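>>> Fold the stuff below for me.
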Amino acid sequence: MVLVKSCQCIPFAMKEDVVSVFQFLFFRDLSGEGVFEIISNVLQSQDRKIVSAGTDILILFLNQDPNLLRSYIVQQEGNSLLGLLVEGMVTDFGEEMHCQFLEILRILMDSFTMSGAHVSYLFHRTSFFLFDVRCSGRAYRL
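Numbers count the residues shown, from 1 in each chain. As a prediction, the model looks like this:
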């Protein structure tokens, strides 16, 4: 039996697959350890740089596997991350921040990459939050 001492004999495509699997497992473990609760707290900050970092992290998660965040949102009750995303969309953070919030919501609601149950729930909850924001008298500045 010969033991391989380096990864030089592994084809490049296999190296990429191994890295992708480890990235997926890493992001899944982070979501299981409460990273979305932390990001929810971050998005409530008054500091734009902190909020921007929170949205950047959410976009990283969504680019890796949108279903991690979707599953979290569906299971969440009370003051939800989805509500904070809608709130961030109408808060005066500046145009670049609005784009980040809209991109997160766009990826979350991409019906081509999610199950029917997620589609129904997310559209229902988002419309509820938008109605709530609209009734509170805030104007959209998108």
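>>> from here on, contacts and neighbour counts on C-alpha atoms
Noted.
>>> which regions of this protein lie under the pLDDT threshold?
1-16, 78-79, 111-142 (pLDDT under 70).
>>> try it again with 50
Where the chain drops to pLDDT under 50, the residues are 1-6, 139-142.
>>> show me where it has helices.
Per DSSP state H, the chain carries helices over the ranges 12-32, 35-43, 48-64, 66-75, 81-90, 95-108, 116-135.
>>> Check which residues of the third one are buried.
Yep, that's helix 48-64 we're talking about. By 16 or more other Cα atoms under 10 Å, the buried positions in helix 48-64 come out as 51, 52, 54, 55, 56, 58, 59, 61, 62.
>>> ok, the third one touching residue 39?
Yes: taking contacts as Cα atoms under 8 Å, residue 54 lies within contact range of residue 39: 5.6 Å.
>>> ok so, going back, would you turn the buried residues of helix 48-64 into JSON lines with distance to residue 107?
Below are those laid out as JSON lines (distance: Cα to Cα, whole Å):
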{"residue": "51", "distance to residue 107": "18"}
{"residue": "52", "distance to residue 107": "17"}
{"residue": "54", "distance to residue 107": "16"}
{"residue": "55", "distance to residue 107": "13"}
{"residue": "56", "distance to residue 107": "13"}
{"residue": "58", "distance to residue 107": "10"}
{"residue": "59", "distance to residue 107": "9"}
{"residue": "61", "distance to residue 107": "11"}
{"residue": "62", "distance to residue 107": "7"}
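>>> State the distance from the residue nearest to residue 43 when sequence neighbours are not counted to residue 23.
Closest residue to residue 43 apart from its sequence neighbours, by Cα to Cα, 6 or more residues apart in numbering: residue 51 at 4.9 Å. Applying Cα to Cα, to the nearest Å, the value for residue 51 to residue 23 is 24 Å.
>>> Could you give the number of residues near the residue nearest to residue 102 when sequence neighbours are not counted?
With Cα to Cα, 6+ apart as the criterion, residue 102 has its nearest non-adjacent residue at 6.7 Å, and that residue is residue 89. By other Cα atoms under 10 Å, the residues close to residue 89 number 23.
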